[in-house]
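In: got a predicted structure plus its sequence, pasted below:
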Amino acid sequence: MSILAPAGTVPSIPNSTEFVRNAWYVAAPSKDIGENLVGRRILDEPIVLYRTDSGPVALFDACAHRRFPLSRSLRVGDKIRCAYHGWEYDVSGACTHIPSADRIPKTAVVKKYPLVERYDMIWIWMGRPDEADPTLIPDCSHFHSGRTTLEQINIGCHYQLLIENLLDFSHVPYVHHDQQGHSKLANVVPKAGVEDGAVVLTRSMPDTVVPPLWHNVMGLPLGSPMNHDQRFVYRAPGVVCVHQVISSIEHPEQRFSFSTNHFVTPDGLDKTHYTWVICLSWESVSDQVLRTMHVGAADVASQDVVALELQQKNLQHLRAYQVPSPAISVPFDSGALLSRQVLKKLADVQVSAEG
């Protein structure tokens, strides 16, 4: 059965997608959360994050008294003292001290969020706390087979626009032509399907050419012939892992396996926290090679930011004037359309459970 939109139809703009709350999201890289209070907005909820000797803590970022942001308050040991009226909260979210009252109301509590620290990232569960099962965190154990580098940025776009960008590399020769583009990325259509609930795309691109980033990172001659294989795995709502293999045609022993891993966390409907992790899995990856890869990946991400924020602005403009967006789907969009179906299914299951 075709999953492409029939001719003449206009697929729904992805900003209508509901948030999936019963799921694990990356709140922040582990390195970014220490003793200082850090404010984040995740799924439109304000969160304050900080670290104690027992591990990271996440609380609702609004004092129970007058909703002053706790992330703009003071850390007192493992507690947070509201900078407005001095109310103090422990790591459970319970208020333990009110300077102006001898009795603390039972309702003086802020929500605490389940956290798990794994793969050098802090994962947060935004749904029902009693259903926060750590085994549901997507498996990224392949990180252990190589050397990794990661970064988190914020993009002014709806999270699904980023997911669809990551599942469709046909944009690479145009948006990233100076880094990692080659023509077959735009004309070899991946095979798409769903395996164990994940959207999986695979393709082989034989006899293409080495682009600048792979030349800089792998040392292959620029423009020399290579084979390029990709396997995309999208686990809803917000993880895309792209496993790739580059091999020289002239020197087959020069074979490089790596993965680009993408963790997408909605900030709100128009902003997204984007964490990327590059894992280089060949032997003897030097510090310099890892740094070169990091700089190249950061440059690629900055190019995606420009494209996605322009797309978001255009979508908002079209909605404001009630003009249907001219969205047409082609075979390359199969992964994006499957991702919409998987997200909708998760959202429907959530609504059914809440009903």
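Out: Looks like it arrived, so ask away.

In: average model confidence for stretch 348-355?
Out: Average pLDDT, stretch 348-355: 68.

In: got a list of contacts for stretch 93-100?
Out: For stretch 93-100, contacts defined as Cβ atoms under 8 Å, 6 or more residues apart in numbering pick out 59-60, 64-65, 79, 85-90, 104-105, 108-112. For glycine as for every other residue, the C-beta is placed from the backbone atoms N, C-alpha and C.

In: try 10 Å
Out: Outside stretch 93-100, the residues that touch it by Cβ atoms under 10 Å, 6 or more residues apart in numbering are 57-60, 63-65, 70, 76, 79-82, 85-90, 101, 104-113.

In: mind checking which of the residues you listed are buried?
Out: 57-60, 63-65, 70, 79-82, 86-90, 108-110, 112-113 (16 or more other Cβ atoms under 10 Å).

In: can you get me a residue count around the closest residue to Asp207 other than its chain neighbours?
Out: Of all residues not flanking Asp207 in the chain, Pro225 sits nearest, at 5.8 Å (Cβ to Cβ, 6 or more residues apart in numbering). Other residues lying near Pro225 total 14 when counted by other Cβ atoms under 10 Å.

In: please begin residue numbering at 54 from this point
Out: Let's use 54 as the start, then, which means that last one is Pro278.

In: doesn't Met258 make contact with Pro278?
Out: No - when contacts are counted by Cβ atoms under 10 Å, Pro278 is not listed as touching Met258 (11.4 Å).

In: let me see the contact set for His315.
Out: Shown in contact with His315 (Cβ under 10 Å, 6+ apart): 79, 215-216, 218-220, 285, 287, 291-295, 327-330, 354.

In: quick check: beta-bridge partners of it?
Out: Taking DSSP bridges as the rule, His315 bridges to Val293, Trp329.

In: so how far is Ser107 from it?
Out: 30 Å (Cβ to Cβ, to the nearest Å).

In: quick one: the strands in the stretch 204-353 of the chain?
Out: All strands of the stretch 204-353 of the chain, identified by DSSP state E, counting those that start in this stretch, fall at 244-248, 251-262, 278-288, 292-301, 308-319, 325-333.

In: from the chain's centroid, how far away is the third one?
Out: Looking back up the chat, that one is strand 278-288. Relative to its chain's centre, strand 278-288 lies at 19 Å (Cα atoms, centre = their mean, to the nearest Å).

In: what do you get for stretch 81-98?
Out: Averaging C-alpha positions (Cα atoms, centre = their mean) puts stretch 81-98 14 Å from its chain's average.

In: dump it to PDB, restricted to CA.
Out: Taking C-alpha atoms only, stretch 81-98 is exported to PDB below (Å, rounded to 0.1, in the frame of the first residue of the first chain):
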ATOM      1  CA  ALA A  81      20.300  17.900  28.600                       C
ATOM      2  CA  PRO A  82      23.800  16.500  28.100                       C
ATOM      3  CA  SER A  83      25.200  15.300  31.400                       C
ATOM      4  CA  LYS A  84      28.100  17.800  31.100                       C
ATOM      5  CA  ASP A  85      25.700  20.700  31.100                       C
ATOM      6  CA  ILE A  86      24.100  19.900  34.500                       C
ATOM      7  CA  GLY A  87      26.100  20.600  37.600                       C
ATOM      8  CA  GLU A  88      25.600  22.500  40.800                       C
ATOM      9  CA  ASN A  89      24.100  25.500  39.100                       C
ATOM     10  CA  LEU A  90      20.300  25.700  38.600                       C
ATOM     11  CA  VAL A  91      19.500  25.300  34.900                       C
ATOM     12  CA  GLY A  92      16.100  26.300  33.400                       C
ATOM     13  CA  ARG A  93      14.600  24.300  30.500                       C
ATOM     14  CA  ARG A  94      11.200  24.300  28.800                       C
ATOM     15  CA  ILE A  95      10.200  20.700  27.700                       C
ATOM     16  CA  LEU A  96       6.900  19.900  26.100                       C
ATOM     17  CA  ASP A  97       5.800  23.500  27.100                       C
ATOM     18  CA  GLU A  98       6.500  22.800  30.800                       C
END
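
In: give the buried residues for stretch 165-179.
Out: Using 16+ other Cβ under 10 Å as the test for burial, stretch 165-179 gives 165-169, 171-172, 174-179.

In: how long is it from one end to the other?
Out: Start-to-end span of stretch 165-179 (Cα to Cα, to the nearest Å) is 10 Å.

In: middle-most residue in the chain, spatially?
Out: Central residue of the chain (Cα atoms, centre = their mean): Val317, 1.8 Å from the mean position.

In: chain neighbours aside, what residue packs nearest to that residue?
Out: Per Cβ to Cβ, 6+ apart, closest to Val317 is Gly291, 4.0 Å.

In: check contacts around the one you found.
Out: 73, 76-79, 191, 212-213, 215-216, 315-319, 325-328, 396.

In: list the contacts of the nearest residue to Ser145 once chain neighbours are set aside.
Out: Distance criterion Cβ to Cβ, 6+ apart; nearest residue to Ser145, sequence neighbours excluded, is Lys165 at 5.8 Å. If you count contacts by Cβ under 10 Å, 6+ apart, Lys165 has them with 110-113, 142-147, 182.

In: same check on Leu90?
Out: Each residue near Leu90 by Cβ under 10 Å, 6+ apart is listed here: 101-103, 110, 112, 114, 122-128, 133.
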